[in-house]
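1. requesting a structural model of the entry that follows:
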Amino acid sequence: MPSLPKPPRSPDDEPDAYVGLGADQAEERARGRGWRTVRRLAPDAMVTMEFMPGRINFAVQDGSVVRCWRG
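-> Next comes the predicted model:
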């Protein structure tokens, strides 16, 4: 039986370090640190709760990151 593929790992990065950055700067930094998917959301956006390795989420208000989390 073939083995199941391993999910990609998320970069070793601290999400709280992105809070307070401009959204464009945060996205550039995240991509440079290896995040495959960067998702920008409104602070009150409704989102599904599935965890996706390699994705970082930014809640953006007035052009700045106000919250950041993995997956």
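
2. beta-bridge partners for the most centrally placed residue in the chain, please?
-> For the chain, the residue nearest the mean C-alpha position is residue 56 (0.9 Å; C-alpha atoms, centre = their mean). Following DSSP bridges, residue 56 is listed with bridge partners residue 38, residue 70.

3. distance of it relative to residue 39?
-> Using C-beta to C-beta, to the nearest Å, residue 56 is found at 7 Å from residue 39. Just so you know, the C-beta spots here come from the backbone N, C-alpha and C atoms, and that holds for glycine as well.

4. and residue 8, what's its pLDDT?
-> Listed pLDDT for residue 8 reads 73.

5. can you say which helix or strand has it in it?
-> Assigned by DSSP states H and E, residue 8 falls within no helix or strand.

6. for it, give its distance to residue 24.
-> Distance from residue 8 to residue 24, by C-beta to C-beta: 25 Å.

7. just residue 10 next, same as before
-> Counting by C-beta to C-beta, the gap from residue 10 to residue 24 is 21 Å.

8. mind checking which of the two has more residues around it?
-> residue 10 (18 against 11; other C-beta atoms under 10 Å).
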